[in-house]
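Participant: with the sequence up front, the predicted model follows.
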Amino acid sequence: MNRPAVDIRGVSMVFAGKRRGETIPTLDNVSAQVPEGQFVCIVGPSGCGKSTLLNIVAGFLAPSAGSVTVEGERVTGPDPRRIFVFQENGVFPWLTVRDNVGFGLLRRAADERARAVAHYIEMVGLTGFEGAYPRELSGGMRQRVEIARALAASPDIIYMDEPFGALDFITRLKMRADLTRIWQTEKKTILFVTHDIEEAVQLGDRVLVMSKRPGRIVDDVTIDLPRPRDLDAPGYLRARDRIFHAMGMSAHLGETAPV
Amino acid sequence: MSATPVHEAVAHAAPDAAAPTAPAAPARLAGERRSQQFLSRYVLPVLVVVFALAAWDAAVRLSGSTLFPRPIEVAAGIGELARQGLLLKYIAASRFRVTWGFTLAVLVGVPLGLFMGWFSWAANALNPIVQALRPISPIAWIPIAILWFGISDAAPVFLIFLASVFPITVSSMAAVSNIQPVYVRAARNFGLSRVQLFRRVIVPATLPQIITGLRIALGIAWLVVVAAEMIAVNSGLGYLIIDARNAGKRYDLVVAGMVMIGAIGLILDILVRRLERFDAVRWGYSRR
């Protein structure tokens, strides 16, 4: 096997609690390898440490134990070759859509930058809104701006931390379809954290399932289904039910079932 | 008809597919709303001023006071000052002092506040001093201002500086701590250097709150110009007020000075509010 794009080895994380001496074990010996170009979803119950894991992989947090290697280099901090798309939307409200998308491109020549900006604005479907400010856009459009900003920086890897978590159901479905299309054209490695099992199965080549805190990886499900995915296909339902099961729930009742 | 808040109705039309778009109201209704806005925005405050002046006039006449001026006498006093060329001279003198005191306060307060907001050790080191100096009234500094600067423009400039530097520092510091961490993280992700981070993220992210701080500080600067000009200077609106009282109980001129300070304060506030409407900062004021 080639060198994996992301290599997570034995990562544990312990946070200090509010009271003195209290500790909160958040991640417990997590290991995973992500090959280049793969779309990997990390799913788990809220508070399981999946966002913490992504922040460690992206270099925003240092793990208590273990290491993360990306493209052969040990991660010690954030890097413009890997762009993070934030749950709470990191689009800059003082910049227009155009300037936000071009934010990571200031070192490029002006015409090259303008071309890249226009290209990615079109790709996320925001043509015509180049001069708009984020406050004039809906939540879904703001996430599109952030995705375009990430793509425009031409990173090798994109980390996405519940990017559609704050959006309504219909918008979320639309964003998933568009992200799938974009990933198929751009062929980036994507690590996508979500608490939504359906979302994970619809998007990923592979789903890593985490336990509740302290988070461990309890299942690694390959989703070998053609895109766009048929949500009624037996393979889709099987994968979904397997993940529900791995998280200790029944897909039909949503309640805890003995595993 | 509904009482639409003014800011909503005049908010600039966003090209946003998802935001609530205004229903295509008939032109007649839109016109009605515009005229209602005009009434509440311009006609109403003028009516209130006229009413207040009438009440003031009636109160002076009913009380039979001979010293307290009627509005018409104050207006005549302003006219008299204008004819003597003192009005513009005093306004210019006060404006000169406020401009310098305030500008110095901005030049010191904004960088100091940003510095204290960004480095927690700087806040720890300097905050006790700032918070201890802040509650001391500028009037308490008058003897020291005279000691240091004597009879010169520097003394009132110093007092105005002192009055406005602390609100500017404190609001700039708060602006930095209020930056959404996600903006800083996103910027770090794009590999910005410290200088770029400051210029491209810290400054724009803090600007709305800094402008609000400047507006408050400018109000305070005008507030202390009277006290500042009580000492050892012989021009300015503050000087006019004290001088008119001391040299012949000219209360019409006392009130004329007060009116001029109020009017200039109002104009300055309107001008600074204009800054808050710029696109690059408008996001920071949620209700606009």
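Facilitator: Perfect, I can see it now.
Participant: get me the contact residues on chain A for chain B.
Facilitator: Contacts of chain A with chain B, taken as CB under 8 Å from any CB of the partner chain, map to A:58, A:60, A:77-80, A:82-84, A:86, A:88-90, A:92-95, A:103-104, A:128-129, A:132-141, A:153. All C-beta spots, glycine's among them, are computed from the backbone N, C-alpha and C.
Participant: can you list the domain ranges for the chain.
Facilitator: The chain I'm using is chain A. A:1-81+A:155-259, A:91-154 (automatic domain parsing).
Participant: let me rephrase: I mean chain B.
Facilitator: B:1-11+B:25-65, B:71-282.
Participant: ok, how many other residues are close to the closest residue to B:L275 other than its chain neighbours?
Facilitator: In this structure, B:L275 finds its nearest non-sequential neighbour in B:I211, 5.3 Å apart by CB to CB, 6 or more residues apart in numbering or on different chains. Look at B:I211: counted by other CB atoms under 10 Å in any protein chain shown, it has 19 neighbours.
Participant: which SS class is B:I211?
Facilitator: Secondary structure state of B:I211, per DSSP: H, G, I helix; E, B strand; the rest coil, is helix.
Participant: residues in contact with stretch B:226-234?
Facilitator: Contact with stretch B:226-234 is made by B:93-94, B:97, B:101, B:138-139, B:142, B:145-146, B:150-153, B:155-157, B:159-160, B:235-239, B:241-243, B:261, as judged by CB atoms under 8 Å, 6 or more residues apart in numbering or on different chains.
Participant: can I have the buried ones of the residues you listed as a ChimeraX selection?
Facilitator: In ChimeraX syntax, the buried subset of the contacts of stretch B:226-234 is picked out as below (16 or more other CB atoms under 10 Å in any protein chain shown):
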select /B:93,94,97,101,138,142,145,153,155,156,157,159,160,235,236,237,238,239,241,242,243,261
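Participant: packing partners of whichever strand or helix holds A:V11?
Facilitator: Here A:V11 sits within strand A:6-16, counting by DSSP states H and E. For strand A:6-16, the packing partners by 3 or more CB pairs under 8 Å, 6 or more residues apart in numbering or on different chains; DSSP states H and E come out as strand A:23-34, helix A:50-58, strand A:65-70.
Participant: need those in TSV (columns: mean pLDDT and mean neighbour count).
Facilitator: TSV is the format used below for those (pLDDT from 0 to 100; neighbours: other CB atoms under 10 Å in any protein chain shown):
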stretch	mean pLDDT	mean neighbour count
strand A:23-34	93	18
helix A:50-58	95	24
strand A:65-70	95	17
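Participant: redo the ones you listed as CSV? Include distance to A:R213.
Facilitator: CSV is the format used below for these (distance: least, CB to CB, whole Å):
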stretch, distance to A:R213
strand A:23-34, 6
helix A:50-58, 9
strand A:65-70, 16
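Participant: nearest to B:V255, of these?
Facilitator: Of all the helices and strands packed on strand A:6-16, helix A:50-58 sits nearest to B:V255, with 63.4 Å by CB to CB.
Participant: run the chain-centre distance for the closest one.
Facilitator: Distance, stretch centre to chain centre, for helix A:50-58: 10 Å (CA atoms, centre = their mean, to the nearest Å).
Participant: who are the packing partners of it?
Facilitator: strand A:6-16, strand A:23-34, strand A:39-43, strand A:65-70, strand A:82-85, strand A:157-161, strand A:189-194.
Participant: circling back: out of the helices and strands packed on strand A:6-16, nearest to A:K174?
Facilitator: helix A:50-58 (23.4 Å).
Participant: quick one on the thing from earlier: weed out the non-buried ones from the residues of chain A next to chain B.
Facilitator: Buried among the residues of chain A next to chain B by 16+ other CB under 10 Å: A:58, A:60, A:78-79, A:82-84, A:86, A:89-90, A:92-95, A:103-104, A:129, A:132-137, A:140-141, A:153.
Participant: could you list which of those belong to helices?
Facilitator: Secondary structure defined by DSSP state H assigns A:A58, A:G140, A:M141 of these to helices.
Participant: can you read off the pLDDT for the last one?
Facilitator: The model reports A:M141 with a pLDDT of 92.
Participant: you'd agree it is up against A:G128?
Facilitator: No - applying CB atoms under 8 Å, one finds A:M141 not in contact with A:G128, separated by 11.1 Å.
Participant: ok, back up a step: got the ones in helices among the buried ones among the residues of chain A next to chain B as a markdown table, with distance to B:F38 columns?
Facilitator: Shown next, in a markdown table, are these (distance: CB to CB, whole Å):
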| residue | distance to B:F38 |
| --- | --- |
| A:A58 | 53 |
| A:G140 | 37 |
| A:M141 | 34 |
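Participant: how about the residues of the stretch 51-200 of chain B near chain A?
Facilitator: By CB under 8 Å from any CB, the residues of the stretch 51-200 of chain B that approach chain A are B:Q180, B:V182, B:Y183, B:R185, B:A186, B:R188, B:N189, B:F190, B:G191, B:R200.
Participant: from those residues, which two are the most distant?
Facilitator: Longest span within those, CB to CB: B:Q180 and B:G191, 19.5 Å.
Participant: tell me what angle the strand holding A:V11 forms with strand A:23-34.
Facilitator: Angle between the axes of strand A:6-16 and strand A:23-34 is 180 degrees (criterion: axes from the mean of the first three to the mean of the last three CA atoms, to 10 degrees).
Participant: give the rounded mean pLDDT of strand A:6-16.
Facilitator: 94.
Participant: now do the buried residues in that strand.
Facilitator: A:V6, A:D7, A:I8, A:V11, A:S12, A:M13.
Participant: checking A:V209 next. Helix, strand or coil?
Facilitator: Following three-state DSSP, the label given to A:V209 is strand.
Participant: any idea of the pLDDT on the residue in the stretch 1-150 of chain A positioned nearest to chain B?
Facilitator: Closest residue of the stretch 1-150 of chain A to chain B, CB to the nearest CB: A:S138 (3.0 Å). Predicted confidence (pLDDT) for A:S138: 91.
Participant: gap between it and B:W283?
Facilitator: 15 Å (CB to CB, to the nearest Å).
Participant: thanks a lot, see you next time.
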